[in-house]
Structure formats: structure tokens, C-alpha cells
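> okay, predicted coordinates and the sequence, questions at the end:
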Amino acid sequence: MEKSKRISYSQAINDATSQAMKMSKDVIIMGQLIDYSSGVFGTTSGLINKFGEKRVKDFPAAESLMTQAGVGAALAGQRVLLVHIRIDFMIYSLDSIVNWLSMWRFKSNRESNVPVVIRAIVGRGWGQGPQHSKSLHAWFAHLPGIKVAIPATAFDAKGLLLESIFSEGPSIIIEHRSLFNLKDIVPNRPYRVRYGKAIVRRKGNDVTLVAIGCNVIDALKAAKILKKDGIDIEVVDPRTLTPLDRETINKSVKKTKRLVVVDPGWESFGAASEIITSVTTRQNLHLISNPLRITLPDSHTPMSLALEEKYYINAQKIVNKIKKLLKK
Amino acid sequence: MEKSKRISYSQAINDATSQAMKMSKDVIIMGQLIDYSSGVFGTTSGLINKFGEKRVKDFPAAESLMTQAGVGAALAGQRVLLVHIRIDFMIYSLDSIVNWLSMWRFKSNRESNVPVVIRAIVGRGWGQGPQHSKSLHAWFAHLPGIKVAIPATAFDAKGLLLESIFSEGPSIIIEHRSLFNLKDIVPNRPYRVRYGKAIVRRKGNDVTLVAIGCNVIDALKAAKILKKDGIDIEVVDPRTLTPLDRETINKSVKKTKRLVVVDPGWESFGAASEIITSVTTRQNLHLISNPLRITLPDSHTPMSLALEEKYYINAQKIVNKIKKLLKK
Amino acid sequence: MKKFSHKNISKIGKYKIKIPKRFDKKLANRLFRFMLRLRICELYLEKEYHPADQMKCPVHFCVGEEAIPAVLNELLIEEDFLFSHHRSHGYYLAKNAPMKKLFAELYGKSSGANSGIAGSMDLSYTKKNFFAGAILSGAASIAIGAALSLSLKPKSKAIAVTGFGDGATEEGLFWETINYAGLKKLPILFICENNNYSTYAPQSKRQAGMSIAERVRSFGVDSKQVFGNDVFIVYQELKKAITKARKSRTPFLLEAFTYRQSSHVGPPNDEKVKYKSKKEIKFWKKNCPVALSERVLLMKNFLKKTDINVIKSEIKKEIKSCFDYAKNSEYPSLNSWDDLNLSHNSPLADKLLLDLDKTDFDIEQQTEVSKGF
Amino acid sequence: MKKFSHKNISKIGKYKIKIPKRFDKKLANRLFRFMLRLRICELYLEKEYHPADQMKCPVHFCVGEEAIPAVLNELLIEEDFLFSHHRSHGYYLAKNAPMKKLFAELYGKSSGANSGIAGSMDLSYTKKNFFAGAILSGAASIAIGAALSLSLKPKSKAIAVTGFGDGATEEGLFWETINYAGLKKLPILFICENNNYSTYAPQSKRQAGMSIAERVRSFGVDSKQVFGNDVFIVYQELKKAITKARKSRTPFLLEAFTYRQSSHVGPPNDEKVKYKSKKEIKFWKKNCPVALSERVLLMKNFLKKTDINVIKSEIKKEIKSCFDYAKNSEYPSLNSWDDLNLSHNSPLADKLLLDLDKTDFDIEQQTEVSKGF
Ligand SMILES: Cc1ncc(C[n+]2csc(CCOP(=O)(O)OP(=O)(O)O)c2C)c(N)n1
Ligand SMILES: Cc1ncc(C[n+]2csc(CCOP(=O)(O)OP(=O)(O)O)c2C)c(N)n1
Ligand SMILES: [Mg+2]
Ligand SMILES: [Mg+2]
């Protein structure tokens, strides 16, 4: 049995980072304000004291350059962890991500690999508004050449971060801020959670509910509520979108014959449609009801609490939609 | 009967721009090199002579600013047409598009609307390579607050450009360079092609083939070949992705009971999966075979001709895949 | 002192403010009143903000940075465009947008400036050509477009103005903006409120070389540094710059040294991060725009203590009524997410364009493969 | 002449080139030979390129811009990183990457530098730390990272070098790069080949204010302008800068005025756009790096006409063999698109990390809504 402790999602990230930096001197971290006590919601606090400013680099408000600097540093031997306190600010660096980072290996015919890990935090609630809350995971999953993780638990957050840092290619980890205080049993030792391996978080026979990122916990809560009504939900958490574990999802649907996807992104052209398509293109005739997606509307995020409540997904909304689906 | 002439896709764009600028003094156009005789593949040639440098503005290599300048100018009363000779260069301006342009109306609670039209050209062939050939239409279609058109014919190119310029909100028009020399009968007078209205380019009973952008012509060619084998294809061209005409697509599939999507974008988390999902979430049980997508692989674009041939879709590849689907 | 920096400013000790000769008394009093109103507004908002937590909206308060908005309020005309960064309240009021609609916005109410959809960071008031947003350097760059458009209108005297912090100048987009302003000689006024911090990081940790004002000048945009808490100097400099911009359509950047007494964003209070020295806090409190001008106005007898008390109670009354307005307003309801995001009306297209359509297309053509670029 | 610009340079008429005192003869001859090799290479490539159209790959030729690569070839060490923009051939050769693999790359062959996947714009040669790419200012900004990493290695003398054009400096990213280089004093050398054009647009249409070199200085990065076709002056300046960067780890920018005799990108030939004046073409042809140095080497008797002929025929032989190599190579075959884009090996993770997994999760917790920012 591994020694472990019950810690929060943000502590798990801090833990993984600190461990990685201890294990390899090549690991450096860059980001705005990572060296202050507040430490990006606690995920980087204390690193500056342990590893010094050569390896813990506060960065000017120049997101685009930061990613490019990551690529260059990786070429010269570093393993680079970049932190964006909001994915919205990271959009300034999309050119770097799309035109450089994601195609670096490809362009060099696999000879040059850049271990750059980007942590992108998605805000939610308390009136964050449209410039502080987008979850663009579907965009990055569409882009070739970069792995995409979207961990829902502290255990996965640590394992996927370590795996990303010590792998050879670039990756983006989407972190939903609303998960940061959620606790989980996390092993002390450094371990890996592999890309492309979904996890069945709850077994069930009636419906396969694929849930992404911060909606995993909502899905599990919904499943618990539905159980009372005798509806038996299997909850699958893909954990990574690139690569996407299509097999595990398809296997589950083969059993349940029903597919619902809950995705904290915009509906159209989003992650939910990929997951549905990855099932229907394989075993469409096997399904006994239309697949269903539960997503954000095709809208930017409103500030007002009253509208946030309508905008975001919660367990009860999932319950209602699944009940409606089964009534049909 | 409307007076019309047979002109190329690029001439149609030039025609529409010139007409729009004549019809309204508010229309201005900005872009790198739009005022040279070469005129962005002929689409802007001659405008500088007709309208002068106050309205035809060559821009420094500052794509990000150009979009922001578009927003500001629109606020002060212009109708702005922005031209990017490659969508790849436009990626520098994604912050402007995502964090500003696309949410401008939303943030103002509909009070402030910015008529900014972005023409984004997608390169293809002759070794353009990965930094000159991405087709990111799925990204823009996922983003709320901005309309997305992807015209396949000269007729649609003119009609959608005029419609975009004289509408109130922002839009992105994705233009596949490989279509620029294709000719079509185009009315002389200014007309509109509306967003959200797909077109059935060919009627058929056996398979609904939804084709996007430059693949529309491949799809039509494939349909013609398949006809010889007695396979009757209905080809639907959505023309715009936001809004997407889900009704026309669903109506067609209701008839044919089979859906194939051909999409000049990367496979995973792309436009094809949205179109498939928009059908399967509505009438899954009605289909008699798995839906199929024919797309680019999840890969950046290789330079070498030998690999380009493997990478890109053509009519014959479509024919083969549809035959295989029907054999099952 | 010619070249300012936060390092050398704190050596001043006590700033000697003067009212310039022949400075209009009413104007001086108006500037003071604006600053006082903004100050009290922000202080009351801060107080109500937390721990009540009824305004569920991240807010960047601007206590200590009142001089620039006060001056803009005097010098801007309706038609001018004003673009602000995240620290938006002062600029909003500078454009004479209604205070009560600001309060209602923070409470997320439908009577808010943006019906509660935007909040403090993304505040706008279209009717007065005022727009804000949080992504750094965004507002400054959008201003370019407004200036460009205004420069096309030969009769217009209007200009584009944009206010932002020292941090915003680190974004590359800012330098694209400055290059273009210098190249095209646009009627645009850049106001950089240099408060030394980008969140907690001081300027010296983020920028080296010459000052922001000097950097800007190397791109062909004229600029000047001032002690930004001296409202009279700020007035004189901006008056000059704005008059020139209206007439000869040229860009200008003012780098105004000032200080944010508020937390970067509230809540939480950010004192525990300990990024500010006690000494500097003391210096800047003593030399804040309100204190400095109050002192000199009293000294010069432009105002009496009692006048100030009257003003204060007027302002407090206004603020109370704004709170009442905000608290008593409804939350927004929602008709359509779609309509909120996309405009489907197109009156101009309806007027100008024919409805035509066409299915057929000649498929016996070869698609072209273009050579080279 | 102190401050260069393309306007005042063309007034020179005939540039008076000198070989500096005590300049090593062998070195001078090597510089000349490199330039001649690059020139002939590009001319032959251009000739074969079109109308044969067998290299189906957009190419930005660099005829007229040979001096910088020649000097870099002398001064760079293996461990240095070199990042180039789209006009990449000279830089590629500067890093001693094999010419035949350049040719094969342009033909899209598997024996190419990148197996035909990258082409001319995105060329790289990992073994020699050489990397190029087409998106403007991308190469310069990536160089920052390499410099950062090198600055962490106390024993390393290696530096990062990046070559780009005047157009690249318009991108905001470029100024983020310069600010950071100046702030952190990184061992990085920026070389701006100012050939006056960004495609067809002259610098005056795109930039105002002070020169690129001066702008850069205002950000705390030392810089200098030179007549970039004088290979000896370029050598001296870069020698100084590189020596200093190796020793004291400081950034430097050289703005080298030069001219592209080639089309912006071929084919098509861009003469018909008529963006260059006949006069300037004449001036720059006469004062091109190869012609200038040839003249002075002959004059000084460093070389004789016959020597040059021998060199030329050696080079032509090499080039012929490169064409043979490229034309006779196979086209690439493809194993897996996936593997080409994503690395699935992780030897280090295999070594360091435990394989663990866990399904259960405590769902009786409230997700947090964070207040404020
Ligand atoms: C692109 C981007 N990066 C980061 C942020 C986060 N952020 C918000 S305010 C701020 C500090 C900005 O400092 P400054 O521009 O000086 O304005 P001040 O807050 O001092 O008024 C930062 C870093 C942002 N809003 N946008
Ligand atoms: C972001 C971006 N915008 C536009 C282009 C198109 N483009 C390719 S080369 C070039 C000209 C660049 O000029 P300069 O940097 O001076 O280099 P030169 O071609 O003169 O060597 C342009 C505009 C690009 N590659 N990247
Ligand atoms: Mg600041
Ligand atoms: Mg150039």
C-alpha cells in the first residue's frame, strides 16, 4: 500500500510540481505571480523558497512570449511548466501554441521534441464574466500535436501533471478552478496517470454518462440521485481528450446502449459532439435512444449570479435531463 | 432574370467588395498588401485606385492590432473588412477575436454591435506546409458571438460577403484558396446569401453527403462517379457553420437514412462531429448505417507533395469510402 | 525632477502642490469635487463589498487614482471615445455615465449599465462611447480603430482616449498599437497610470531600459511623464495634448505616476501578500490626489472646510440612493442566449441587398494548385 | 554616417569597402568563399526552381543577403542555437548543415533535412541546433527561451542567435521579446536584416519614429546599425557582440542594412508588382556583399581571378552533386500520422514514475466558488 494523504486539488498540483522539481534539476516553472505567497490559488506557493528564482520565474504580462520562451528553453534542455492563471489570458499565446509548440515535433520529422507543459486555469462563478471563464478544451483537443488533459480529481491532477512534465511532448492541462478545494486521497510518492486512459468512476447498466472536468463531480452526484429512482448510471471520466480513450467509452455504451455527455464547454462544435460521434460512427445501430449532450449554451459567460445559475450545469440539471431522456 | 457573368471565386470577392464600398462610404478594408496589383490573389486588386488609401488600408505585420482596430473603427461608424492572406497569420489576432470581437455585443447587452468581417484564406498544396494551410473553421464555429461562413462557390462567396458587410454583427469568412480560380455564374447586382441556410446542391436518395468548403466540389464529383454505380447521393452544402442549418441536414437524412460528412479540417473535435451529432441527437434510431466522417487526419500539413497526396481529400477517396460504407 | 520613476518619486517626501496662476477657481473646485465623489464612491463600495458579498463580481477599485478621471471629465466631449482597462470606475464616471447604473451592474441587476452581464471589468456605456475590458492592452488597441475612424471624418473634432496601467505596456499588442499610432498620426490620447504594480509585481521586476514614456517616443509618439496625483499638472498637460489632438490629429502618451491604495482586486484584501512597503504606502497616502488638492484649495481659499462638508454630504446622499437603486432592482431574466450573442437583424442588408439563391455549379473544373506563396 | 536608413543609404552611390587592418587573410577568404557558395547555391536553385516546378515548395531566396550568414558561420560554435525566419537557407548553411539535405528538402524527399515535411520556410537541423519557421517574429521569440536555458548553465559559453527581417519587428511579440531580453540580460544576439521590404511594402509605410536599433535600445537592449553588405564590418561588430554575449551574457541587436535581389518568394517573379525602383536595384546590385568583397580581395591580392574561378567550379560541382542527391532520393513514405504529431514514448517518466490508478472519489464535498479574482 502506498503512503498517501487527503489533500485538495490545488495542493496536489503544488505537490506534483515540487516533487518534479526535486527529481530533476531541468524542471523550471514560469508564470505571472507564481512566486508570491498567494501562489496561483496555492498551486505554486512555496516553490520560490525551495527552488529559487532561477527555476521559479515570475513573468511579465507577455503571455505570447512566455510560451515561446518555453519552447526555446525546452530545446536547450529544460522541462518547462507554464502557468496561466486564466485560460483567457493564454489566448494571447495561441500563435505560439498553434504555429510553434504543437507542430514542433512534426516539422522536425520527430527529431526535436519539446517537453512543455501548460497549466491553464478556467475560472467559474462569482461574476468572473466572459473574459475570465472560458473553457477552451475542445479547441486544444482539435489541434494536432499536443496532448490535452482535464483532470477532475486531486489524484488525477497530480498523476497527470507528473506524467506531463516527464513525457517528451507538449501538453495542456485544463484545470477548472471550481475543483481546487476538493479533497482526495493522494499518494505521497511520484506516480503517473497515463494519457489516453479513461476511468469508469461508477459502474451502472442503464446509461453511460461521460463527464468532463468539473462536471465529473456533478455527474457522480446526479448518478447518486438517479439511483434512488432506480436509474443506474455508469459514469466515465475520459481524463484526457488527446488522446481520447474511445475504447473505454465505446465499451461502456455497448453495455448500457445509451449515451449522455456532460461537458463544461459550449455546445456546438464542442467536446460533447466528438464523444458522441466517436460512439455513433462505431456502433450507432446498437443505441436504443438518441445520444444526448448536456453542455453550456452557445454563449459567453454572463456576470450576474442570476444568469450564471442558468448558464452553468449542476447535478440537478443532469438528473432532469436524463429522466426526460428515459421517459421518451 | 438577373444580369450575370461567369467569373471566378476571387473575382466574385473583388466584385462584392468593390460594390459594397461603392454602396456605402462607411465600408473600409484593411490587410497586408491589399493595395498592390497582386491584390491578395486578385481579390483586392484595383480597390486602391477606386477608393484611395483612406479606405483601402495596407497594414503593418501586426495582425493582432488589425482586428482590434477593426473593432474600434466599427464602433465609430465604419463597416470593416479585414483580410488575412493566411488564416495561420490571423492566429496572432485570436485574442482580439475571442476576448473582444466575439463578445462585444454580449458584454453590452446587445447595445453595441460591431460590423467587422474577417476574410481568412486557407492555403493548400504546393508544399504550403503546416504554417500556411490550417483550416480552423471548427474553432470559430465553436466560439459564441461570431458568424462563420465557408462558401464553396463564387455565387456564395459574393452573396455571403455582401451579407456579412451589411449585417450588424461580426463574421468570419473562411476561403479555401484552392477554390479561387473556379468559375460560376454570378449576378451583377448586389445580392445576399443568408447565414444559416444550407443548400442541397444535388438531390439523391441513398446517402446524405454533407460537404464543407473546398470539399463541396469533391463531393459533387464523387456523387457523379457514384451515380454510375447506381448510388444516388444527396449533397448538402451548409455554407455557414454559425448559424448551422440543422434542419436542412436533418431533413435530408430523414430521407436517405444515411449520413456522411466530408470536412477539410482535422478529424477529432472537428466540424464533422458536430454535423453528425446534430443528426444523431435528433434521429439516431432512424439511421440504417453508422454515420461516417471523411476528414483530414489529426495531423499538421506535410510539405512534400508525396505526403500532401495522402493528406488531402479528393473525389476518389470519397467514392471509395462511401462504397465501403454501403457494402457493410 | 525630469525623469520620473517610482524609485525616485518616493524620495520626494512631501509633494509641493501649487495651483497654477490664473487657474479657474470653479474648474479647480469641480476637479476636486469629481475626485472626492469618486473617492467616496469607491470607499463605500469597498465597504459594502465585503464581507457582505452581495456584489458577486470581481472589482478593481481605484482609490488613490482619482486625478486622471477628474481631468478627463473636464476635457472630454460626448463624441470622444473612452476605452478603459479593468480598473474602470473612474473612467466610467469621467464619461458622465450614471453612478447608479454602475452600482446596479456590480450587483448583477438588470438595471445595471449592461444589465448585469458585464460587471466591473467589462463595463460599458454605449450611449457615452465608454467601453472597458479586462484583457491587458485590449482597450488601448481598440482605441486605435476609433481614432482611425475619426481621422476619416474631416469635420469631427472628436478623439479616442484610452486609460491603462503600467502592466498593460508589457503586452506586445501595446507596441503594435503605438507603432500604428505613430505611423498614421492618429487623434489618440494614451494615458498610462503608472502605479508601479501589475497585481503584486513592481515595474522593476517586469521592465528594464528606459521609461514607458521614452520607449513610446522611440516609436514616433510624443509623450510626457507627470506626477499623476497633482490634478492641476495633469489638467494642464492633458489640456495641451487634447487641444493638439483635436486640431492637428496627433497621438500623445501621458505617463502619470500614481498609486493604488486599494487591493489589486477585492476581495480578498491583498495586504497579506506584503508586496508594498509601509513607507511607500505612507508616502502615497499623504500625497494622494484628494488630500493634495484639498490642502491647496483650502489654503488658497477656493473652498472652505464647511463647503467640503456640504459636498461630502451631497455625495453620500447620492451614493446612498445608488445603493438603494441597485439593491431594489430586479435580477435580469433571459430571453435568448442566442440573441444575446448574435445579432440576427440586418436592416441595412435588408435595404441594400437582393435575396437570390442558386443550387447549380459547374463541376467540370479543375481546382487550382497555386505555385509558391 | 551615423544613422542609417534605406533613404540615406541609397545616396552613397558607390560604397567604399575596406579590409580592416590586421584582418586575417584566410578568414577574409573564407568569408568570401561562404558568400560565393551561398550566392551560387541560391542562383542555381532559383534557376532550377521555375519553370521546372519540381521543387513544389514556396521558397524565399536570399540573393544579396549573404554577409550575415557568412559571418555567423565563422563565429558560431556547435552548441549555439540559431533561429531563423522564413528566409532560411543562409542561416541553415551558416550552421554547417549539409547543403544536399537542403536541396532534398525542397524537393520533398525523405533524405531532406526534415524528410520533406518542413520545406524551406520551416527548415530545421536539430543536430546543429538550427531551427526556422515562417510566422513573423516567432524565431526571435523562441530564441529567448534557449538563451534563458543557457543562462542557467554556469559553465556554458553557448548563446542563442536569431535572424529575421525588418517586418518581423512590427509584431507585438517582438517587443515582448526585446523587453524580456533587456530585463533578464540574456545571452542572445538579435540580427535584423533590414532589407527595407516586408513582401512589397517599404519600411516607411509600416514604421515611423526612430530606427529599429533605437527602439530596441529604449528597452534596455544594446544595438548598432551597420551597412550589412560590408562583410568585414559585419564581422567586426558581431565578433564584438558575440564575445561579449559569451562572456557577460548580455543581449545585443544588430540592424544590418541590406537588400534582397530575389523576389520576395518564388515563383512567381514579383517584378511585375513594381515595388522596387530601378535605381535602388542598381545601387544594391553594385554594392552587394559578394561584389564588394570580391573587389577588395582582388585589389588587396588576397585572391586572384584564377583562384575565384577555381572556387566557383568547386562550388558548382558541389551544387550539381546536391541536385543529383535530391533528385535521386525517394519520396517519404508514411508510417503513422499520429506518431508524426505526438510522441508516445516517455523514457524519463518510465524511469521516475510509479503506475498507479484509482477510481473512487469522495463526492460529498461542495465545489468552491472563489470570491473575486
Ligand atoms: C492578458 C492578461 N494577462 C493577465 C491579466 C491579469 N491581470 C489583471 S489586472 C493585472 C495587472 C495589470 O497591471 P496594470 O496594467 O499596471 O494595471 P493596474 O492593475 O495596476 O491598474 C493583471 C496581470 C489580464 N487581465 N490580462
Ligand atoms: C504573422 C505573419 N504575418 C504575415 C506573414 C506573411 N509574410 C511572410 S514573409 C513577410 C515579409 C516579412 O518581411 P521581413 O520580416 O522584413 O523579412 P524579409 O522577407 O524582408 O526577409 C510576410 C509579411 C507571416 N509569415 N507571418
Ligand atoms: Mg499598474
Ligand atoms: Mg524585410
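Received the coordinates, thanks. Numbering: from 1, shown residues only, chains lettered A, B, ... in the order given. Ligands and ions are numbered 1, 2, ... in the order given.

> and the residue of the stretch 201-350 of chain C that's closest to ligand 2?
Using C-beta to the nearest ligand atom, the single residue of the stretch 201-350 of chain C nearest to ligand 2 is residue C:219, 17.3 Å away. Yep, even glycine has a C-beta here, placed from its N, CA and C like the rest.

> just the pLDDT at residue 312, thanks.
Since no chain was named, I'll use chain A. pLDDT for residue A:312: 97.

> was after chain C, sorry
pLDDT at residue C:312 comes out at 98.

> roughly how far does it sit from chain A?
30 Å (C-beta to the nearest C-beta, to the nearest Å).

> residue numbers of chain C in contact with ligand 3?
In this structure, chain C approaches ligand 3 at residues C:165, C:166, C:167, C:195, C:197, judged by C-beta under 5 Å from the ion.

> show me what the helix or strand of chain A with the lowest mean pLDDT is packed against.
Ranked by mean pLDDT, DSSP states H and E, the weakest helix or strand in chain A is helix A:39-42, scoring a mean of 94. Secondary-structure packing of helix A:39-42 (3 or more C-beta pairs under 8 Å, 6 or more residues apart in numbering or on different chains; DSSP states H and E): helix A:9-23.

> the helix or strand just after the helix it packs on close to ligand 1?
Following helix A:9-23 in sequence order, the next helix or strand is strand A:27-31 (DSSP states H and E). No: against ligand 1, strand A:27-31 shows no contacts by C-beta under 6 Å from any ligand atom, the least distance being 10.4 Å.

> what about strand A:27-31, average pLDDT?
For strand A:27-31, the mean confidence score works out to 98.

> got the angle between that strand and helix A:9-23?
Between the axes of strand A:27-31 and helix A:9-23, defined by axes from the mean of the first three to the mean of the last three C-alpha atoms, to 10 degrees, the angle is 140 degrees.

> got the CA coordinates for strand A:27-31 in CSV?
Taking C-alpha atoms only, strand A:27-31 is exported to CSV below (Å, rounded to 0.1, in the frame of the first residue of the first chain):
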residue,chain,number,x,y,z
VAL,A,27,12.4,21.4,-14.5
ILE,A,28,11.6,25.1,-14.4
ILE,A,29,8.3,26.9,-13.9
MET,A,30,7.2,30.2,-15.4
GLY,A,31,4.1,32.3,-14.9
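
> list of residues touching that strand?
A:17, A:20-21, A:40, A:44, A:47, A:54-59, A:66, A:69-70, A:73, A:78-85, A:119, A:165, D:152 (C-beta atoms under 8 Å, 6 or more residues apart in numbering or on different chains).

> if we can go back for a sec, so which of the residues of chain C next to ligand 3 also contact ligand 1?
C:165, C:166, C:167, C:195, C:197.

> TSV for those residues, including secondary structure, distance to residue B:161 and pLDDT?
Converted to TSV, these look like this (DSSP: H, G, I helix; E, B strand; the rest coil; distance: C-beta to C-beta, whole Å; pLDDT from 0 to 100):
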residue	secondary structure	distance to residue B:161	pLDDT
C:165	strand	39	98
C:166	coil	42	98
C:167	helix	39	98
C:195	coil	46	98
C:197	strand	46	97
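
> and the furthest pair within those?
Greatest spatial distance among these (C-beta to C-beta): C:167 and C:195, at 9.1 Å.

> report how many residues lie close to the closest residue to ligand 3 within chain C.
Nearest residue of chain C to ligand 3 (C-beta to the ion) works out as residue C:165 at 3.4 Å. The local packing of residue C:165 (other C-beta atoms under 10 Å in any protein chain shown) involves 26 other residues.

> same check on residue A:285?
11.

> residues contacting it?
Counting by C-beta under 8 Å, 6+ apart, residue A:285 touches B:287, B:288, B:289, B:290.

> same check on residue A:179?
Residues in contact with residue A:179 (C-beta under 8 Å, 6+ apart) are A:9, A:152, A:153, A:157, A:213, A:214, A:217, D:367.

> could you measure from the first one over to residue C:203?
Here the criterion is C-beta to C-beta, to the nearest Å. By it, residue A:9 lies 34 Å from residue C:203.
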